[in-house]
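Enquirer: Have a look; sequence and predicted model below, questions after that.
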Amino acid sequence: MGEVIIAELDSPERVVQAARSVRALGYARVEAFTPFPIPELEDVLGVRRTRLPRLAFVAGLGGASLALLVQWWTNAVDYPLDVGGRPTSSLPTDVLIVFESAVLFAAITAFAAVLVGSRLPRLHDPLFDLPGFERTSLDRFWLLIRDAYDDDAGILDEAQALLDAELARLGAVVTRARLTEAGA
C-alpha cells in the first residue's frame, strides 16, 4: 500500500470538513471509514456511481437470450413435435423460463461483481492493525490519505505542513504509517 496519513476524527461534521480541506490541498486518493453512511462525504470525496446495475442488466439480457435460444433450438429445430397443429416454437410458453433465466444470470453476475469489486473474501486488511481502528464501527471517523509522501507526484513539504496544520485545526489525531499487504 505504501506510506499513508491516517486522520481520526470524532464527528461526521469534522470528517466532512477534513475531507474538503484535504481535497482542496490537492490530495486525490482519499478514503473515509465511517460507522454509518454520510452522503455529503461521498460527494466531497467524489465517489462515483457504481456500474453494477448496467452489468446486471446486460447479464440478464444475455441470460434471457440464451434461454430463448435454447428453447427455440430444442422445440423447433432439434426435436420438433407436431401436437395438434400448434407451432413448434411459441413465445408465450417460453416466457417463464426466459424470465427466470434473466433473473438468475443477473443475480449471479451481481453477486460475483460485488465480491470481485470489493476484493472479498479478504479476512485481514493492514488498517485493522492500527490502534483504535476497531472503533470505526462504533463512533470514530477515519480519513486515509494515500501516497502522501510520493516524490513523483510533486507533493512538497509545504503541502504536508499545510495538511498537518489543517488536520490539527479540526482536532484530528494524525498517524503516519507504512501499510503493507500480507505476502507483499
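Expert: Done, it's in.
Enquirer: Going by C-alpha atoms from here, please, whenever you check contacts or count neighbours.
Expert: Fine.
Enquirer: Residue 7 against residue 144, yeah?
Expert: Yes. Here residue 7 reaches residue 144: they are 6.6 Å apart, a contact under C-alpha atoms under 8 Å.
Enquirer: Look through this structure and tell me its longest helix.
Expert: Criterion DSSP state H: the longest helix present in the chain is helix 91-117.
Enquirer: Extract the CA atoms of the helix or strand following that helix and return them as PDB.
Expert: Downstream of helix 91-117, the next assigned helix or strand under DSSP states H and E is strand 141-146. Extracted in PDB, the C-alpha atoms of strand 141-146 (Å, rounded to 0.1, in the frame of the first residue of the first chain):
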ATOM      1  CA  PHE A 141     -14.400   8.500  11.700                       C
ATOM      2  CA  TRP A 142     -11.200   8.000   9.800                       C
ATOM      3  CA  LEU A 143      -9.600   9.600   6.700                       C
ATOM      4  CA  LEU A 144      -7.000   7.700   4.800                       C
ATOM      5  CA  ILE A 145      -4.700   9.800   2.600                       C
ATOM      6  CA  ARG A 146      -2.700   7.500   0.200                       C
END
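Enquirer: how distant is the helix or strand hosting residue 31 from the center of its chain?
Expert: Here residue 31 sits within strand 30-33, counting by DSSP H and E. Counting by C-alpha atoms, centre = their mean, to the nearest Å, strand 30-33 is centred 12 Å from the centre of its parent chain.
Enquirer: model confidence over it, on average?
Expert: The average pLDDT within strand 30-33 is 92.
Enquirer: And the residue lying farthest from the centre of the chain, how close does it get to residue 76?
Expert: In the chain, residue 84 marks the outermost C-alpha relative to the chain mean, sitting 54.5 Å out by C-alpha atoms, centre = their mean. For residue 84, the distance to residue 76 equals 15 Å [C-alpha to C-alpha, to the nearest Å].
Enquirer: Same check on residue 110?
Expert: Applying C-alpha to C-alpha to residue 110 and residue 76 gives a distance of 32 Å.
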